[in-house]
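Novice: Just the structure for this:
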Amino acid sequence: MVSSETLILTLATMFFISIFFSPTAATISLTVSPKTLTKSNHSVRIQWSGIPSPSSLDWLGIYSPPESANENFIGYLFLNSSPSWPSGAGELRIPLVNLRSNYTFRLFRWKPEEVNYRHRDHDHNPLPGTRHRLAESEEVGFEGASAPDQVHLAFTDRDDEMRVMFLTGGGNEEFVRYGLEGKMDNIVGTKVTKYERKDMCDFPANSSLGWRDPGFIHDGVMTNLEKGKKYYYRVGSDARGWTETFSFISRDNEANETIAYLFGDMGTSVPYSTFYRTQEESKSTVKWILRDLEGLGDKPAFISHIGDISYARGFSWIWDEFFSLIEPIASRVPYHVCIGNHEYDWPLQPWRPSWSWGLYGTDGGGECGVPYSLKFKMPGKSSFPTGTGAPDTQNLYYSFDAGVVHFLYISTETDFLRGSDQYNFIKADLESVNRDRTPFVVVQGHRPMYTTSDEERDTPLRERMLENLEPLLVENNVTLALWGHVHRYERFCPLRNYSCVDIASDSLPMAATVHVVIGMAGQDWQASWKPRSDHRDVPIYPQPKQSMYRGGEFGYTKLVATREKLTLTYFGNHDGDMHDIVEIQSGQIPKISAGEVRAVSELKFSWYMQGAGILILGAFIGYVLGFLIRCKRDAAQRNTWTPVKSEET
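Specialist: Numbering: from 1, shown residues only. The predicted structure is shown next:
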C-alpha cells in the first residue's frame, strides 16, 4: 500500500514535470532572421513550430521596445495568416520601420471564452488577449538605429532656400551637405528639438500604450540657391554616418509654370493589425505621385497634404511609418501640410466655441498638435497656445508664391472668425497678392466650406466659414479653394453663397471661387452623399446642380498652371489615369469703375482742341465698350468644365 507521503511526492513530481517538460513549453520554437536590418522597410522572417492543437485565435504580437508589457504591443498578426498554421508551424515575413529601438515578437494563445467584446479595435473587432504567452523571440535591431532617417523638404520664407528635416535617435550635432552636381561643398548645421510624453494632452498619446520615444528632430536650411537648378544633398555627420544622396530642383518664382500634387486625408499603411485601421490606399497614392515626379525631369514641383496627415491618433509609431512611406517623394520635392482634426482635436482644446459642441472631440488621440507642429516647419510664424504647458501649435496658416500661383493655407481647427489673428492674416494676405505676378490664387484648408456629403456635424462650422471667410474669397477673386476631411472627390461650379455664378454674365470676372474636395488620398472610411430629408434610408440625394463631378475613387490631384491657364486634374489610384479635369483661364480683367468713367467724361480740353478731343473721347469709349464686349465673350469660355458626372449607381 502506497503511503500518503509517497503519493503526495509522486503527484508533486508529475505536476512539476508537466510544467517544465510539457510539450507546449518544451517544443514551441520562435525564431527571427536576420537579427540586424540595414534599412527601414526591410523584412524580417518570423518562424514558429511545435504549437499543440493550433487555434485560429493563436496570434503573434509585435513589440518595440522589447521590454514593453504584453498588452502594449504595436501590432499583431494571427498565425492563420500562414498557410501551414494547422500543423502548428509556419512563417511570416513583415517589413519593419526603424523605431530607434529593437523589436521582439511573442506568441500567444487566446481562448474563445476569453474574448472580450468591450475591448475592441477601430473596426469593432475584439483585441486579442495576452493572458497565455507561449514564446518570445530574440531581438531584432537596425544597423545604425540612431542614424538620420525620415528625410523631408519644405519651402522657407525665402525664394533662395530649401528646408530639410530628418530624425535621429540621438541629439548629437548633425549637418546638411549640398551643392550642384559633383560639388556638395556647402555644409550647414541643424537645429535640434524633441517632445516628451508629458507634452501629450490625453489618452492614448500620454499613456504607455501609445507613447514611444519619437527621437530627435533636426532642421537644416540650405541657403543661397540658384533658381531652378538641380541640387544634391545628404544629411548626417562623419561621426555617425550620412544618408544616401538625394536631389531636388530649387525654386524659381519667375518661371511661367507651377506644378503641384494636392490631396488630403492620406495616412499611412502598416503590415500588421493595430488599434486603428490604417490606410492601405496611401501606398498607391505615393506610388503614382512618384511615377509623375520621375516623369517631370528637372521641373520644380511640390506636394500639398491638407490635413489628417498620418492618422497616428496618439500612437507614436504611426508617425514613423508615415514618414518612412513618404520619404521617396518628400526627399525630392517640398512637402507642405495644414492641420486637420486628427492632428489636433482633444477635449480641452483652447478654442471650442459653444456652437462647436459636436465638432471638436478626441480625433487627435491626445497629441494636441505637438508632433505635427515639431515634425514639420512651414513658412510663416503662426502659432496658437495649447494651454497645457505643451509647445504652441504651429503651422496653422501661411502662404507662399510658387511660380504663377499664390498658395494660402488656413486652419479650420483654430479660431478663424472675424477679428481673430487668423482672419486678419487671411484678409491681409489675400489683399496683398500681386495678380500681375501670380494671376491665380489657391486657398487650402482641411474641413470643407462646401460639400454634398452627409456631414451634418460640420454644419455649424460651414455656416461660420461661409459667413466669415467666403466674402474674403469672393472679394479677392480667389481662383480655387481645396478642402479635405470628406474622403471623396467633389468639384463644384464657381460658387458664391451656395449659388453657381454665371461668369459670362457676371459684372466682375472671377467673382466666385471653384471649390474642390480632395480628401480621397487614403482614408478608407467613406462618407455617404447627403440623403433625402424625407427618406433618409433610401436612395441618395440626387447630385445637385452645383456639384459638377463627384466620385469615390481614391487618388490625388495635379495642378499645372501657366500665366494663361490653371488646370486641375484628378487621378484615380486603381489605374493612375485621369478621372476629372477642370481648366480655368487667367483672364484677369481690370474693372473700370463708375468714378473712372466720370473722370474720363469730365476731361477739359482747350477750345481749339474740343472737336478733336470729342472724337478721341468717342473713339476711346468705343474701344472700352468693344473691349468689355470681347471680355464678356471670352469670359464665357473662361472655364472649361467636363460634363456633369456622377459615379453613383
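Novice: C-alpha from now on. contacts and neighbour counts both.
Specialist: Will do.
Novice: measure Ile318 to Lys377 for me?
Specialist: Counting by C-alpha to C-alpha, to the nearest Å, the gap from Ile318 to Lys377 is 19 Å.
Novice: for His119, same thing?
Specialist: Taking C-alpha to C-alpha, one finds His119 at 37 Å from Lys377.
Novice: Which one of the two is surrounded by more residues?
Specialist: Taking neighbours as other C-alpha atoms under 10 Å, His119 and Lys377 compare with Lys377 leading, 21 against 12.
Novice: from the middle of its chain, how far away would stretch 360-372 be?
Specialist: With C-alpha atoms, centre = their mean, to the nearest Å as the basis, stretch 360-372 stands 14 Å off its chain's centre.
Novice: Let me see the mean pLDDT of stretch 255-263.
Specialist: On average, the pLDDT along stretch 255-263 is 97.
Novice: ok, now stretch 320-333?
Specialist: pLDDT averaged over stretch 320-333 gives 98.
Novice: List the contacts of it.
Specialist: 40-41, 97-99, 150-154, 246-249, 267-270, 283, 286, 289-290, 293, 300-303, 310 (C-alpha atoms under 8 Å, 6 or more residues apart in numbering).
Novice: tell me the helices in this protein, going along the chain?
Specialist: Here the chain has its helices, by DSSP state H, at 4-20, 23-27, 282-296, 317-330, 341-344, 370-375, 421-431, 459-468, 470-475, 594-601, 610-635.
Novice: how close does Asp421 sit to Lys427?
Specialist: Taking C-alpha to C-alpha, one finds Asp421 at 10 Å from Lys427.
Novice: ditto for Glu470
Specialist: Distance, Glu470 to Lys427, using C-alpha to C-alpha: 11 Å.
Novice: try Phe246
Specialist: Phe246 is 38 Å from Lys427, where distance means C-alpha to C-alpha.
Novice: still on that earlier bit, which members of the contacts of stretch 320-333 are classed as buried?
Specialist: With neighbours counted by 16 or more other C-alpha atoms under 10 Å, these contain buried members at 40-41, 97-99, 150-154, 247-249, 267-270, 283, 286, 289-290, 293, 300-303, 310.
Novice: Tell me which of the residues you listed fall in strands.
Specialist: Gln150, Val151, His152, Leu153, Ala154, Ser247, Phe248, Ile249, Phe302, Ile303 (DSSP state E).
Novice: Tabulate the residues you listed (TSV), appending distance to Asp524.
Specialist: Formatted as TSV, those follow (distance: C-alpha to C-alpha, whole Å):
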residue	distance to Asp524
Gln150	25
Val151	27
His152	25
Leu153	27
Ala154	28
Ser247	33
Phe248	32
Ile249	33
Phe302	25
Ile303	21
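Novice: Determine which two of the residues you listed are furthest apart.
Specialist: Using C-alpha to C-alpha, those span at most 19.3 Å, a distance reached by Gln150 and Ile249.
Novice: The stretch 301-450 of the chain: strands as residue ranges?
Specialist: Remark: strands assigned in the stretch 301-450 of the chain by DSSP state E, counting those that start in this stretch are 302-306, 335-338, 383-384, 393-394, 398-402, 405-409, 440-445.
Novice: Give me the angle between the longest one and strand 398-402.
Specialist: Read that as strand 440-445. Relative orientation of strand 440-445 versus strand 398-402 (axes from the mean of the first three to the mean of the last three C-alpha atoms, to 10 degrees): 150 degrees.
Novice: just to revisit the earlier point, which one of the helices of the chain has the poorest average confidence?
Specialist: Of all these, mean pLDDT reaches its minimum on helix 594-601 (a mean of 29).
Novice: Please name the bridge partners of the closest residue to Pro494 other than its chain neighbours.
Specialist: With sequence-adjacent residues excluded and distances taken as C-alpha to C-alpha, 6 or more residues apart in numbering, Pro494 is closest to Val514, at 4.3 Å. Beta bridges link Val514 to Leu480, Pro494, judged by DSSP bridges.
Novice: Please apply the same query to the one 4 residues further on.
Specialist: The residues paired with Ile518 through beta bridges, assigned by DSSP bridges, are Tyr489.
Novice: go on, Gly572?
Specialist: Going by DSSP bridges, Gly572 is paired in beta bridges with Gly555.
Novice: wait, doesn't it sit right on Met578?
Specialist: Yes - here Gly572 reaches Met578: they are 6.5 Å apart, a contact under C-alpha atoms under 8 Å.
Novice: higher neighbour count, those two?
Specialist: Just comparing Gly572 and Met578: by other C-alpha under 10 Å the higher neighbour count belongs to Gly572, 22 against 15.
Novice: can you pull the pLDDT of the more buried one?
Specialist: What the model reports as pLDDT for Gly572 is 97.
Novice: and it, how far is that from Lys558?
Specialist: From Gly572 across to Lys558, the span is 11 Å (C-alpha to C-alpha).
Novice: Ser420 now?
Specialist: 32 Å.
Novice: quick one, which of the two is more surrounded?
Specialist: Set Ser420 next to Lys558 and count neighbours by other C-alpha under 10 Å: Lys558 wins out with 19 against 12.
Novice: contacting residues around the more buried one?
Specialist: Contacts for Lys558 (C-alpha under 8 Å, 6+ apart) come out as Ile259, Ala260, Tyr261, Leu262, Leu568, Thr569, Tyr570, Phe571.
Novice: can I get these in JSON lines with distance to Ser411 and neighbour count?
Specialist: Below are those laid out as JSON lines (distance: C-alpha to C-alpha, whole Å; neighbours: other C-alpha atoms under 10 Å):
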{"residue": "Ile259", "distance to Ser411": "23", "neighbour count": "23"}
{"residue": "Ala260", "distance to Ser411": "20", "neighbour count": "18"}
{"residue": "Tyr261", "distance to Ser411": "20", "neighbour count": "21"}
{"residue": "Leu262", "distance to Ser411": "16", "neighbour count": "27"}
{"residue": "Leu568", "distance to Ser411": "23", "neighbour count": "21"}
{"residue": "Thr569", "distance to Ser411": "25", "neighbour count": "19"}
{"residue": "Tyr570", "distance to Ser411": "24", "neighbour count": "26"}
{"residue": "Phe571", "distance to Ser411": "26", "neighbour count": "22"}
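Novice: Rebuild those residues as CSV, extending it with distance to Arg435.
Specialist: Below are these laid out as CSV (distance: C-alpha to C-alpha, whole Å):
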residue, distance to Arg435
Ile259, 18
Ala260, 19
Tyr261, 22
Leu262, 22
Leu568, 19
Thr569, 23
Tyr570, 26
Phe571, 29
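Novice: Which of those fall within strands?
Specialist: Those of these lying in strands (DSSP E): Ile259, Ala260, Tyr261, Leu262, Leu568, Thr569, Tyr570, Phe571.
Novice: The fifth one reaches Ile581, doesn't it?
Specialist: It stands for Leu568. Yes - assessed by C-alpha under 8 Å, Leu568 is found in contact with Ile581 at 5.7 Å.
Novice: Once you drop chain neighbours, what's closest to Val337?
Specialist: His305 (4.8 Å).
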